[in-house]
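Participant: Pasted the sequence and its predicted model underneath.
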Amino acid sequence: MRLRIIPFINSFFFVLAFMLPSYAQTQDDLFNGDILHEVRIYINPQDLVTMKQNIDICPNQDLEALEGQRVPNVPRIECWFAVEFHWKFNGRDITTAQGGVRSRGKGSRSPIKTSFKIEFDRYEANNRFLGLKALILRANTQDASQMHERIAMELFRKLGMPAPREVHTRLYINDQYAGLYSIGDEVDQVFLQRNFGESDGYLYSYEWVKPYAFGYLGSDLSEYSPLPFQPQNHEIDLDPAPIEEMVRTINQAPAAQFSAAVSQYIDLNNLFRELAAENFVADQDSIIGDYLLNNFFLYRFKNSVRSIFIPWDKSNAFWAVDWNVFHNFTSNVLTNRALGAAPELISLYRDTLRQAADLAGGVGGWLEQEIRKEYQQIQQSVYEDPFKLCDQGATGYLHPCSNDEFEAEVAHLIRFAQQRAAFVRAQLAQ
Amino acid sequence: MSRVRKLFLIGLLLFPAALFAQNQQPPGDEETATDDEPVQKSGERFQLTFKNRPSLRIGEFAQVDFKAKWHFDFRRFSPSAINLPGIVNALPADPDLFYLSKARFGLKGKVTKYFDYEVERDLRADIDETLNEYHPWKDNYVDVNLHRLIHVKIGKFKMPFGLEEIGSEDRLDYAIKSRVTDALTPARERGIMLHASRGNRWEYQVGMFRYDGEGSGVHGQPTAGRTFAARVAGQPLRPLKQLPSTIRRIQFGLAGTKGEMFAGQNGVNGQTFSGFTFFDRMFVRGDRKRIGFELAWAEGPASIKGEYMRMSEERRQQGIRGEDLPDKISDGWYVTGGWNLFGKMKSRGGAPENPFWIGRGFGAVELSARFDVLRFYGAKTAAGLPSRSPRAPTILPNSDRTWTFGPTWYLNRFLKIQVNGQREWVTDIDRTAVFGRHSFWSGIVRLQAAM
């Protein structure tokens, strides 16, 4: 009897030995910033051509709309294609069932170096990759250093704010090197669950349509959603009423009750900490950036009218060392009213700026170390990247990026890291 | 479109029906093959009659019949609104409660004994500009009678595939065709076809067509190039005199098509009657082949009919790495039965012997029920798990099983009212319109006016 059991025991440990490594990979491994990752995606060559040729609109879905089918009311109708995603980690090839891929981005969208959104559950509702429903492969086409986004989001998270994780990867498309990319979190159910412990509320992405800064647009709910607050879930039941109430309260709440009234709709503490972080990293295209409201998600908690802001797209961060810490505060109705009616929020804002300055440090501080670490990690891959693009000065024109431009932007980042904390402290002291 | 134009068009289409209402017919007229009332020849060179429809006869030389068909549908769907399914890119809108599904006007006739012709257009898009009717022109052809065994049809007409599809829609037992017919038959196309028939005893059609038919098009665009189609049908048991006569009259049919698809996401998809896509289009390249078997039997007040269809679509170089994938298979079948509950019919789906309004009877009522299955799957299993991806090596199957039932009241040869209930059951829970719900109900009341 004993002899019969031994082969079973051996088999068990044999199988276990193979199973353990396959379950060893986690999201933490995927977002491990200490290594340069390698991702390979496979797309049918004809699909790749179609995607590049129709980078701004999907002809099929446009036709569906023409045929009378209801399509999401978004500025862009996206084309999806089947994709196979492979992550090479520690000599292993980690993959999953076919997912969907589309090009992504607004000003950063390019057929030369295309950013991608990968949805693992596009065709299989339950399909996940290390528990993720989706991933962003960001081409960083507006950023010569290709580090703005990752560094800024890292700082946000270190300050305790919910922000997407990012790491760098070498991307191969159909086994051809496609350049240096970032792997980024998608703000979706998985992100919400991880950060807030729930995901059934209402998630909106803010789509920039025209300059807007929380002015009251009237009681017509369609002024608020599906644009500019574009639903990411509950597409049938948009329920934009709380957004209208939120904006109305921001505009009309009496000064004495401003914080209390607006707090019903917005996690103000989180928002002002986020605004402080955005202005610390001198983000020119943020909630209070130069284009007014932009680059954020709004999540309204389940069974509640209260929402939280989630940062997005920091391509234009690190704009200038001498970026005013109260940049655009008076252009935005919410921040402008807070200046006069909510001193506790302004105080929190200042405190967060100090925290950010302390975290970043000066010469040799965390921020400079992080920049140098990432630079070491990606330099060779950036040099080898034949498709790298940049848009210094946010002109709206993406052009091929040289290695010199890359080096110059890295030098600017290091200078920013060495001087920004001192500049912020000096401004706060005034 | 101006209101005046709309009213004019509606008036134009209703004008003949108003005339027919004046024709009082004695009951019990002799049965004719077409259910038309016989028209007495006046002996004049030009004769205009309104007996069955407005008809102009120029002696024995030519005949021009004016045709009109109206289908007024009142529909209900459950669920009426749907959640966003994971794999479709666009949501079907809530279907309208009232729907004008047919508003056709045309001419049909002959020139000498050698030429038959038909011209027909659907005017719905002219009445409602928001409607996308990709193919407003319907049957438009000339049929040359070269010999009793060789007729040559040239123009646009229904490709010879699918018993339910090739028959006149006005004579169907249901307001809604089976899902399998809707999905897998090619419908109309421009082409040339040799054909002949001898009543129900035998018939054949062999044709070559420009594309694969409007039924398989995507947004009005064809999905396959030149297509060949053939069909033979008849009563092969008829000579076997030792069999009971009812068995000998069973009609059998065999049909097939073959054409080369245009590369792209051009595979045939599956939709519920309410318009929800439960099987998305797949990327295809290579041949599209169909094969179909038919069977029909009728005896007294009862009738049974059934069909099986199978379509294979090649997927050459359609894998993610450009590799060949196993063929996509779509197949399905239906069986339908009808029972003439009361009132006699001149012919199945035609006119009642004792018509209502234009006669002294109540018309006739028929009860029908149909079960049909439509399936999509891969010809064989390939590497990897079954998937819903449009480039999946192994296709995750899906199917739609549908019950349709209800009565049809044939008021007279111009009017009938159909009341149909339909229950669809989609297998794959991730591709249903409401998460966790398999079944969909549709109800339809159709008033049909045709001549």
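Facilitator: On my side now, so go ahead.
Participant: now the end-to-end length of stretch A:310-330.
Facilitator: Across stretch A:310-330, the terminal residues are separated by 22 Å (CA to CA, to the nearest Å).
Participant: And that stretch, how far out from the chain middle?
Facilitator: 15 Å (CA atoms, centre = their mean, to the nearest Å).
Participant: Name the residues of it that come out as buried.
Facilitator: Residues A:310-319, A:321, A:323, A:325-329 are the ones in stretch A:310-330 that count as buried (16 or more other CB atoms under 10 Å in any protein chain shown). The C-beta positions use only the backbone N, C-alpha and C, and glycine is treated the same way.
Participant: So the closest residue to chain B within the stretch 301-430 of chain A: helix, strand or coil?
Facilitator: At 17.1 Å from chain B, A:Lys302 is the closest residue in the stretch 301-430 of chain A, using CB to the nearest CB. The three-state assignment at A:Lys302 reads coil, by DSSP: H, G, I helix; E, B strand; the rest coil.
Participant: ok, it touching A:Glu198?
Facilitator: Yes: assessed by CB atoms under 8 Å, A:Lys302 is found in contact with A:Glu198 at 5.4 Å.
Participant: how many neighbours does A:Phe387 have?
Facilitator: Neighbour count of A:Phe387, defined by other CB atoms under 10 Å in any protein chain shown: 16.
Participant: list the contacts for B:Tyr377?
Facilitator: B:328-329, B:395, B:397 (CB atoms under 8 Å, 6 or more residues apart in numbering or on different chains).
Participant: go on, A:Asp285?
Facilitator: Going by CB under 8 Å, 6+ apart, A:Asp285 touches A:291, A:294-295, A:313, A:315-316, A:394.
Participant: Equivalent analysis for A:Asp34, please.
Facilitator: Taking CB under 8 Å, 6+ apart, one finds nothing in contact with A:Asp34.
Participant: any idea how far it lies from chain B?
Facilitator: 31 Å (CB to the nearest CB, to the nearest Å).
Participant: ok, now how distant is that residue from B:Ser178?
Facilitator: 61 Å (CB to CB, to the nearest Å).
Participant: do A:His37 as well
Facilitator: 52 Å.
Participant: Out of these two, name the residue with the larger neighbour count.
Facilitator: Comparing A:His37 with B:Ser178 by neighbour count (other CB under 10 Å), the higher total belongs to B:Ser178, at 28 against 21.
Participant: Looking at that one now. What's its pLDDT?
Facilitator: Note on B:Ser178: pLDDT of 95.
Participant: Please verify my assumption that it contacts B:Tyr334.
Facilitator: Yes: if you go by CB under 8 Å, B:Ser178 and B:Tyr334 touch, sitting 4.3 Å apart.
Participant: who touches both of those two?
Facilitator: B:164, B:370, B:372.
Participant: for the second one, what are its contacts?
Facilitator: If I follow you right, that is B:Arg370. Shown in contact with B:Arg370 (CB under 8 Å, 6+ apart): B:173-174, B:178, B:334-337, B:402-405.
Participant: count of neighbours near residue 118?
Facilitator: Picking chain A for this. Burial measure for A:Ile118: 23 neighbouring residues, criterion other CB under 10 Å.
Participant: Can you look at chain B instead?
Facilitator: B:Glu118, neighbours per other CB under 10 Å, totals 21.
Participant: Most neighbours among the contacts of B:Arg370, which one?
Facilitator: Most crowded among these, counting by other CB under 10 Å, is B:Ser178 at 28 neighbours.
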